[in-house]
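**Q** Structure for the following, please:
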Amino acid sequence: MVETGHKFHDNVSRLISWGHWFTFFNLILVSLISLRYLKYAGIPDSGLGIAYQFISLIGHFSFLSAMVFGVILFPLAFIIPFQRLYRLSAILISTAAITFLILDTQIFKLYNFHLNPLIWQFLQRPEQVEQIYSINLHYISIPIIFIIELALSFFVWKKCRFLQAKSIGKPIAIFLLSAFIITHLTFIWADATQYRPITQQKAIYPLSYPMTARTFLKKQGWLSDDKLLTRIRQQKASKGIELHYPRTPLIYSEGQPTPPAKNVLLITVDALRADMLNQKNMPFLYQLSQQGLTYQNHYSGASNRSQGLFSLFYALPNRYWSEVTLNYIPPVLISRMAQQNYQFGLFSSIGFLHPEFLQSSFSQLRSKELQNYSTVNNNTTITHNWNKWFDGENNSSKWFSFLHYEQANKLSTENGATLSVALREEKLALYQQQILSTDQQIKSVISALQKKQQLENTIVLITGTHGASFEKSSSTEATISNAHVPLVMLWPGRAPQQITRMTSHLDIVPTLMQSLLGTQSSADQYSSGQSLFDEQPRQYLLSGDLEKYVIYERDKITRFSTDGQIDSINWQGKPLDEEHVDITLLIDVLSKLRRFN
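**A** This is a model prediction of the structure:
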């Protein structure tokens, strides 16, 4: 029987008051534990970044604590009007929450992301993975946390009336609410101004989703690509995130004869499917492929343009995309070429503001072509501009040239919904027309090399940023096809060959570093790939996007996301049972995603 009247009201009021203060003191405990995130993430190199780091910690965890109180403890005060049972329930809830927080800090230390259902599956099988066993050791802290919570509960119950009489609750609440609001408003400003000491802190804390408003600011005319580019150029590299890239200083052989091929031409085509390399769709490139090395089982490091290009230039998983672009870290390939006085000819039909070329691949260069960052270019224009640059190039100097061709007419190969058969065929027909047109642009470039007799002295690589399926992005067809791209490589002195082993965009940089630029260091010191000339078979290749990774093996494909979704399919798209999920393989992948931190 539930009591009514003043006695029930007074009892609930006291329980709610106790819950307020119990939550507040737990917030202090949580904040102290959460300092581990700051230790593992690193301290920003600006006073404002450091201030934001601590204010966001207070604001974020005060919000989470308030949610626990508002959603659980507050209604429980009406359901359980018995103070001992209510306090015991609160103690158990806080003990569980803090235990998970401690586990999460350790997971963040190991893998740089937070506790999720995927990791939870690993925690159930510690015998398979030594690192997971070390995480599970943190469960021994549960009795200690319980005792601390028990003592805290007793203290707050005894001092609750005293704390209420001090009238400090409202100022504390205003301070915590202000910290929460300031956190989000500051991040909106930092995102709009590309202030990296703050934007790089986006994913430090669990369940953290800082507010952004870049689209809204652009619609209001307060932010434009011109303003954004200016702010990007004004930024200097930040030291807030420790990225050990390369892992050790690279060693180069000096004094050896210059290789016969000293120039490099890299051509990328947006969303170029592997099956487009045929006599019908790309007749010139197909003919050219018969004269060089053709990698038939080649995969981009990502299923989208931005991270696909990133994987090509850095030979790293796209997991490092944010850290590189936020800190303007140049790729070792471009750095080495700059040291060896290569001339750079850079041309892109999408410009160089997106996808963050100026913040990543070409961040250390001052080539005049980089000033042309707008999207008014088209494929024909950049071929014409490249020919003008090439005609004026001194044959005695070494050069690296990059051309990127987009899919014109804003043709989207990525779909959020399943298309009808008719619409899919219509888009595919338009896509094939554009691929044929791009093939002619490539022909013009290669013909210019042949005319000046530079082809014999130039390494040519032609590939796609990623593949295309014209299916829903979450479909099995998209999973199988959206990273599969052609790779044609002309390397003077090497005989034509059709290569069927699995290769990746992550292999291109090690190939050039070792066979052209004289790197003696092991490829794993600056990449997650291996040389294209290394015939050792791979256990798997990693691709996907920042939300869902895809592991390609010889007999199956595994998809997993950091929010815990995981499944496997065979190469025909048929789902496989959970027993086909290899936990040790997933842990190896997660380790590779942390190797350079």
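
**Q** does P492 really touch N457, like I thought?
**A** Yes. Assessed by C-beta atoms under 8 Å, P492 is found in contact with N457 at 6.8 Å. (C-beta placed from N, C-alpha, C; glycine too.)

**Q** How about the contacts made by the closest residue to S527 other than its chain neighbours?
**A** Nearest non-adjacent residue to S527, counting by C-beta to C-beta, 6 or more residues apart in numbering: A315, 3.3 Å away. Each residue near A315 by C-beta atoms under 8 Å, 6 or more residues apart in numbering is listed here: 331, 505-510, 523, 526-529.

**Q** Distance of A315 relative to L266?
**A** As judged by C-beta to C-beta, to the nearest Å, A315 and L266 stand 13 Å apart.

**Q** got any residues that touch both of these two?
**A** Common neighbours of A315 and L266 (C-beta under 8 Å, 6+ apart) do not exist.

**Q** what about W189, distance to R84?
**A** Shown here: W189 relative to R84, a distance of 48 Å by C-beta to C-beta.

**Q** quick one, which of the two is more surrounded?
**A** More crowded of W189 and R84, by other C-beta atoms under 10 Å: W189, with 13 against 10.

**Q** wait, the more buried one sits on Y195?
**A** Yes. Counting by C-beta under 8 Å, W189 touches Y195, with 7.3 Å between them.

**Q** low-scoring pLDDT stretches of the stretch 1-150 of the chain, where are they?
**A** Within the stretch 1-150 of the chain, the ranges that satisfy pLDDT under 70 run 1-6, 117-118, 121-139.

**Q** could you show me where the helices are in it, in order?
**A** If DSSP state H, counting those that start in this stretch is used as the criterion, the helices of the stretch 1-150 of the chain fall at 6-41, 47-68, 74-79, 83-111, 117-123, 130-136, 142-165.

**Q** quick one: which of those helices is nearest A468?
**A** helix 117-123 (27.8 Å; C-beta to C-beta).

**Q** would you list the helices of the stretch 1-150 of the chain in TSV and tack on distance to T183?
**A** Compiled in TSV, the helices of the stretch 1-150 of the chain are given as follows (distance: least, C-beta to C-beta, whole Å):
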stretch	distance to T183
helix 6-41	14
helix 47-68	4
helix 74-79	24
helix 83-111	19
helix 117-123	26
helix 130-136	29
helix 142-165	26
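
**Q** Go through those helices and name the closest to P210.
**A** Closest to P210 of those, according to C-beta to C-beta: helix 47-68, at 7.7 Å.

**Q** by how many degrees do the closest one and helix 6-41 diverge?
**A** Relative orientation of helix 47-68 versus helix 6-41 (axes from the mean of the first three to the mean of the last three C-alpha atoms, to 10 degrees): 150 degrees.

**Q** and helix 47-68, what does it pack onto?
**A** Where contact means 3 or more C-beta pairs under 8 Å, 6 or more residues apart in numbering; DSSP states H and E, helix 47-68 is packed against helix 6-41, helix 169-193, helix 196-199.

**Q** Can you tell me, leaving aside adjacent residues, what's nearest to F470?
**A** Using C-beta to C-beta, 6+ apart and skipping residues adjacent in sequence, the residue nearest F470 is R424, 5.0 Å away.

**Q** Check R494 too.
**A** R494 sits nearest to L293 (C-beta to C-beta, 6+ apart), 6.4 Å away.

**Q** circling back to that earlier point, export the helices and strands packed on helix 47-68 as a markdown table, with columns for distance to T105.
**A** Formatted as a markdown table, the helices and strands packed on helix 47-68 follow (distance: least, C-beta to C-beta, whole Å):
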| stretch | distance to T105 |
| --- | --- |
| helix 6-41 | 4 |
| helix 169-193 | 20 |
| helix 196-199 | 21 |
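
**Q** Tell me which of these is the most buried.
**A** With neighbours taken as mean count of other C-beta atoms under 10 Å, the helices and strands packed on helix 47-68 reach their highest mean count in helix 196-199, at a mean of 24.

**Q** burial of the residue lying closest to P283 once chain neighbours are set aside, as a residue count?
**A** With C-beta to C-beta, 6+ apart as the criterion, P283 has its nearest non-adjacent residue at 6.6 Å, and that residue is D439. Using other C-beta under 10 Å, D439 is surrounded by 20 other residues.

**Q** same thing with S167?
**A** 8.

**Q** Can you pull the phi/psi pair for it?
**A** The phi/psi pair for S167 (degrees, to the nearest 10) reads phi 60, psi 40.

**Q** thinking again about what came up before, the residue nearest to F470 against K472, yeah?
**A** No. With contact defined as C-beta under 8 Å, R424 does not count as touching K472 (10.6 Å).

**Q** Sketch out the helices for the stretch 401-550 of the chain, chain order is fine.
**A** Assigned by DSSP H, counting those that start in this stretch, the helices in the stretch 401-550 of the chain fall at 421-451, 476-481, 508-515.

**Q** Looking at those helices, which is nearest to H404?
**A** Judging those by C-beta to C-beta, what sits closest to H404 is helix 421-451, at 10.7 Å.

**Q** Just the mean pLDDT for that closest one, thanks.
**A** Rounded to a whole number, the mean pLDDT of helix 421-451 is 91.

**Q** which of the residues in that helix are buried?
**A** Using 16 or more other C-beta atoms under 10 Å as the test for burial, helix 421-451 gives 427-428, 431, 434-435, 438-439, 441-443, 445-446, 448-449.

**Q** I'd like the residues you listed written out as CSV, with distance to K109 added.
**A** Below are these laid out as CSV (distance: C-beta to C-beta, whole Å):
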residue, distance to K109
K427, 45
L428, 47
Y431, 45
Q434, 47
I435, 46
T438, 46
D439, 49
Q441, 48
I442, 47
K443, 52
V445, 48
I446, 50
A448, 52
L449, 50
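
**Q** nearest to L163, of the helices of the stretch 401-550 of the chain?
**A** Among the helices of the stretch 401-550 of the chain, the nearest to L163 by C-beta to C-beta is helix 476-481 (56.0 Å).

**Q** Counting by contacts, list what that closest one packs against.
**A** Packing partners of helix 476-481 (3+ C-beta pairs under 8 Å, 6+ apart): strand 557-560, strand 566-569.

**Q** Using CSV, list the CA coordinates for the last one.
**A** So that's strand 566-569. C-alpha atoms of strand 566-569 as CSV (Å, rounded to 0.1, in the frame of the first residue of the first chain):
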residue,chain,number,x,y,z
ILE,A,566,29.2,-7.0,-37.0
ASP,A,567,28.4,-9.6,-39.7
SER,A,568,30.1,-11.7,-42.4
ILE,A,569,29.2,-12.5,-45.9
